[in-house]
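> Need coordinates for the following:
(chains A and B)
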2 protein chains.
Amino acid sequence: MIPTITAFERSPDGGKGLARDTRVRWALEEVGQPYEVRLVSFAGMKAPGHMAIHPFGQIPTYEEGSLCLFETGSIVFHLAERHAGLRDARARAITWMFAALNTVEPPILELTTARIFEADRSWSEERLPLVKDRVRARLDQLSAYLGAAEWLDGAFSAGDLLMVSVLLRLRMSGILDEYQNLAAYVARGEARPAYARAFAAQFAVNAAS
Amino acid sequence: MIPTITAFERSPDGGKGLARDTRVRWALEEVGQPYEVRLVSFAGMKAPGHMAIHPFGQIPTYEEGSLCLFETGSIVFHLAERHAGLRDARARAITWMFAALNTVEPPILELTTARIFEADRSWSEERLPLVKDRVRARLDQLSAYLGAAEWLDGAFSAGDLLMVSVLLRLRMSGILDEYQNLAAYVARGEARPAYARAFAAQFAVNAAS
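Below you'll find the predicted structure:
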């Protein structure tokens, strides 16, 4: 059975690969699972039909017969569990999946919020360094942990897939390049053929629209 | 083998049960697994010995023989997978675990940051309503999804355990009580005997110190 995912009809990033469907496309490519995509407009994401699948009105979702999933962590885990292509998501890989999404991503999203949604406030410039330093506090630790290793815990895992996806959101800020080993780690992720296919697929949607 | 978790020697909340070891204690109590606790000071959390177990220098950790885990999501998942007491963490329950930690908790933590770490800034008061409204945007959706149901997806699951734990962090703000069904949902979680045992255990640590 071919699963169907949802993605933005027009991604806010214009195809830079930062929308969350890219993570799921990447995981699908890693495990060699063909998939279909249903594009959703901003209005469509908040319509009852989509909200029935995704209670928070976002993309991506994952439908496979009667199974409907949301949350990229959950979808990537589901794929990792059922396919040999992503190393079995056992306890350590699962730990890094949660670390990517619950420890490293929140300050990065706070930075995005500060730069985009609070940019017009009088205090925005003054607050930005605080937010950036919270991101750096996490990256200091992650960089120290990774050291010269290729991946977080031995072979490439679903934890790396999510961590690289999360770190990619930082590139434009310049902060990622302050950490040579993390920048190289992200580059290793991007160099995977599965990532290239996922990136191209999401880019094609945005190039066409 | 009795697992060992770590907890704050002195919790910043003084025993209100909001430190993250409470989530893990709760899961251990739900599955009936005895455990030991190693208390860690603030300095100890950043010392090399602890950082070797938890790369981000936080509590809780979980040690069981040679297996060392961090991230409450990962620890709760590990317990849910191996014990019948927490319903098997299958795809839907896993989805709600990630939703609790990656979709609902981040704006709640942003509110905590705004109230505690940015309270002394000149723009703090002006910004607070923005942050509160981001929390409400998520709770509106969660409340609509839950409706009159008892738990998020049928029987009580690890997803509920984490969602209730996350929502408890909101109680003092008064925002939780704006949502009658969510307040009742949290109360149902707190009414579970396993939660009561976990709360009492973490409270005892803080009462003693």
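> Chain A: helices as residue ranges?
Counting by DSSP state H, chain A has these helices, from start to end: A:21-31, A:42-45, A:48-51, A:72-82, A:91-98, A:105-116, A:124-146, A:158-168, A:180-190, A:193-208.
> As a markdown table, these with distance to chain B would be great.
For glycine as for every other residue, the C-beta is placed from the backbone atoms N, C-alpha and C. Converted to a markdown table, those look like this (distance: least, Cβ to the nearest Cβ, whole Å):
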| stretch | distance to chain B |
| --- | --- |
| helix A:21-31 | 12 |
| helix A:42-45 | 11 |
| helix A:48-51 | 8 |
| helix A:72-82 | 4 |
| helix A:91-98 | 4 |
| helix A:105-116 | 4 |
| helix A:124-146 | 4 |
| helix A:158-168 | 10 |
| helix A:180-190 | 13 |
| helix A:193-208 | 20 |
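> out of the ones you listed, nearest to B:Y145?
helix A:48-51 (8.2 Å; Cβ to Cβ).
> Can you list the buried residues in that closest one?
For helix A:48-51, the neighbour count (16 or more other Cβ atoms under 10 Å in any protein chain shown) marks A:H50, A:M51 as buried.
> Quick test: name the residue nearest the centre of chain A.
In chain A, the centroid-proximal residue (Cα atoms, centre = their mean) is A:S165; its distance is 4.0 Å.
> coming back round to it: could you redo the helices of chain A as a markdown table and give each row mean pLDDT?
Putting the helices of chain A into a markdown table (pLDDT from 0 to 100) gives the following:
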| stretch | mean pLDDT |
| --- | --- |
| helix A:21-31 | 92 |
| helix A:42-45 | 96 |
| helix A:48-51 | 94 |
| helix A:72-82 | 89 |
| helix A:91-98 | 87 |
| helix A:105-116 | 92 |
| helix A:124-146 | 94 |
| helix A:158-168 | 94 |
| helix A:180-190 | 97 |
| helix A:193-208 | 89 |
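> closest one to B:V76 among those helices?
helix A:91-98 (9.4 Å).
> tell me what that closest one is packed against?
Applying 3 or more Cβ pairs under 8 Å, 6 or more residues apart in numbering or on different chains; DSSP states H and E, we find helix A:91-98 packed against helix A:72-82, helix A:158-168, strand B:67-70, helix B:72-82.
> nearest to B:W123, of these?
Judging the helices and strands packed on helix A:91-98 by Cβ to Cβ, what sits closest to B:W123 is helix A:158-168, at 27.9 Å.
> re the thing from before, got a list of what the closest residue to the residue nearest to the centre of chain A other than its chain neighbours touches?
In space, not counting the residues next to it along the chain, A:S165 is nearest to A:R23; the distance is 4.5 Å by Cβ to Cβ, 6 or more residues apart in numbering or on different chains. Residues near A:R23 by Cβ atoms under 8 Å, 6 or more residues apart in numbering or on different chains: A:P60, A:T72, A:V76, A:L161, A:L162, A:S165.
> quick one, what contacts the third one?
Contacts were defined as Cβ under 8 Å, 6+ apart; by that measure A:V76 touches A:R23, A:V24, A:A27, A:L86, A:M97, A:A158, A:L161, A:L162.
> how about 7 Å then?
A:R23, A:V24, A:A27, A:M97, A:A158, A:L161, A:L162 (Cβ atoms under 7 Å, 6 or more residues apart in numbering or on different chains).
> tell me the two of these that are most distant?
A:V24 and A:M97 (13.2 Å).
> give me phi/psi at the residue of chain A found nearest chain B?
Relative to chain B, the nearest point of chain A is A:W123 (3.3 Å; Cβ to the nearest Cβ). Torsion angles at A:W123 (phi, psi; degrees, to the nearest 10) stand at phi -100, psi 0.
> Could you find the closest non-adjacent residue to it?
In space, and not counting its chain neighbours, A:W123 is closest to B:W123: 3.3 Å by Cβ to Cβ, 6+ apart.
> Show the pLDDT at the one you found.
Looking at B:W123, its pLDDT stands at 89.
> tally of neighbours for it?
Using other Cβ atoms under 10 Å in any protein chain shown, B:W123 has 15 other residues around it.
> swap in A:I175?
Applying other Cβ under 10 Å, I find that A:I175 has 17 neighbouring residues.
> what's near enough to touch the residue lying closest to it once chain neighbours are set aside?
Closest residue in space to A:I175, ignoring its immediate chain neighbours: A:V135 at 5.9 Å, by Cβ to Cβ, 6+ apart. Taking Cβ under 7 Å, 6+ apart, we find A:V135 in contact with A:P107, A:I108, A:L111, A:L170, A:I175.
> Pick the one among the contacts of A:R23 closest to B:G44.
A:L162 (29.1 Å).
> Contacts only, for that closest one.
So A:L162 contacts A:R23, A:G73, A:V76, A:M97, A:A100, A:L101 (Cβ under 7 Å, 6+ apart).
> ok, of those, which one's closest to A:R38?
A:R23 (17.0 Å).
> Return the distance of the closest one relative to A:E30.
Look at A:R23 and A:E30: by Cβ to Cβ, to the nearest Å, they are 11 Å apart.
> So for those two, which residues contact both of them?
With Cβ under 7 Å, 6+ apart applied, the overlap between the contact sets of A:R23 and A:E30 consists of A:L161.
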